[in-house]
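[1] Show me the folded form of this:
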Amino acid sequence: MNDSADYTTAALRAAETLIRYGICTAPIDPLPILKKQPGIVIIPFAEMAFATGEDRDSIVASFGESQDAASLFKMVNGQLRYIVAYNQRLPFYILQRALSRELGHIMLHHDGTRPESVRMEEAMCFARNLICPRPLIKMIQESGIRMTTEVLGNLTGCYERCLAGLRKTPGVVIPGEINRTIRKQFETYVKDFVSFQGILARDDETHEADFGTYMDGYTEEG
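    As a prediction, the model looks like this:
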C-alpha cells in the first residue's frame with residue numbers, strides 16, 4: 001500500500017480529463033463532466049433531502065465541516081459506484097473547487113484502501129490541475145499580461161483562496177505532448193481573453209499571482 005500522495009498521476013489524470021472532454025474555455029465547470037461518468041449518481045443536498053424525507057440542514061451537517069460536496073462509495077458487482085452530493089446554494093467558485101475534488105476521487109479510483117489524507121491530497125492536486133491548467137497559465141504568462149490575482153480569477157475562477165492552494169501543490173512533469181494538446185485546445189480562448197483583459201490588466205491594483213512551485217517542471221518538450 002502506498003501511503004504517499006502521487007501528485008504526478010493526479011495531475012496527469014486532470015490533463016487527460018481536459019483532453020478527453022475537449023475542454024477549451026474557462027472557468028472550467030466540473031459538474032457536466034461528473035454527470036457524464038458512468039455509474040455515478042450526483043445530487044444536490046436539497047434533492048437528497050426531498051428524496052429521503054430528511055431535513056436538509058441535517059443532511060448538510062452530516063457531510064462534514066466544509067459542507068460543500070462529498071462522495072460516498074461502495075463496491076457493486078466488483079465495480080466502484082459513487083454518490084456525489086453537493087451544496088448547490090454555494091457560489092460557483094467554491095463549488096468549482098469542491099466538485100473538481102470529488103471528480104478527482106472518482107478519476108483516481110479512490111476506494112478507501114489508502115489513508116484519507118493521502119486521497120485528499122491527490123484529489124486536491126487533481127482539482128487544481130483541472131480548473132487551473134498549467135498550459136493555460138503559461139500562455140497568459142507568455143502573452144505579456146500581468147498575471148495578477150484578479151487576472152487569474154477572471155481567467156480560471158481561481159481566486160485568492162484557490163491560489164493559496166495552488167502554492168501547496170508541487171510542480172510535476174507530465175508528457176510535453178499532453179501540455180501541447182491542452183494549449184491547442186485553449187488557443188482561441190486565450191486569444192479572445194488577451195484582447196479583452198489586456199486593457200483592464202494595466203490598471204489592475206491587485207498583487208502578482210504567486211504560484212509557488214506549481215509551475216515547476218512544466219514542459220512542452222518531448
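
[2] Do I have it right that residue 92 meets residue 27?
    Yes: here residue 92 lies in contact with residue 27, judged by CB atoms under 8 Å, at a distance of 7.5 Å. The way it works is simple: take the backbone N, C-alpha and C, and place the C-beta from them, glycine included.

[3] neighbour-wise, which of those two wins?
    residue 27 (15 against 12; other CB atoms under 10 Å).

[4] per-residue confidence for that one?
    With respect to pLDDT, residue 27 scores 96.

[5] How about the contacts made by the closest residue to it other than its chain neighbours?
    In space, and not counting its chain neighbours, residue 27 is closest to residue 157: 3.2 Å by CB to CB, 6 or more residues apart in numbering. Going by CB atoms under 8 Å, 6 or more residues apart in numbering, residue 157 touches 26, 27, 28, 92, 93, 96, 131.

[6] So which of the residues you listed is surrounded by the most neighbours?
    Counting neighbours by other CB under 10 Å, residue 131 leads the contacts of residue 157 with 27 neighbours.

[7] tell me the contacts of that residue?
    By CB under 8 Å, 6+ apart, the residues touching residue 131 are 26, 27, 28, 30, 96, 97, 100, 156, 157, 158, 162.

[8] Turn those residues into a markdown table, including secondary structure.
    As requested, the contacts of residue 131 are exported to a markdown table (DSSP: H, G, I helix; E, B strand; the rest coil):
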| residue | secondary structure |
| --- | --- |
| 26 | coil |
| 27 | coil |
| 28 | coil |
| 30 | helix |
| 96 | helix |
| 97 | helix |
| 100 | helix |
| 156 | helix |
| 157 | coil |
| 158 | coil |
| 162 | helix |
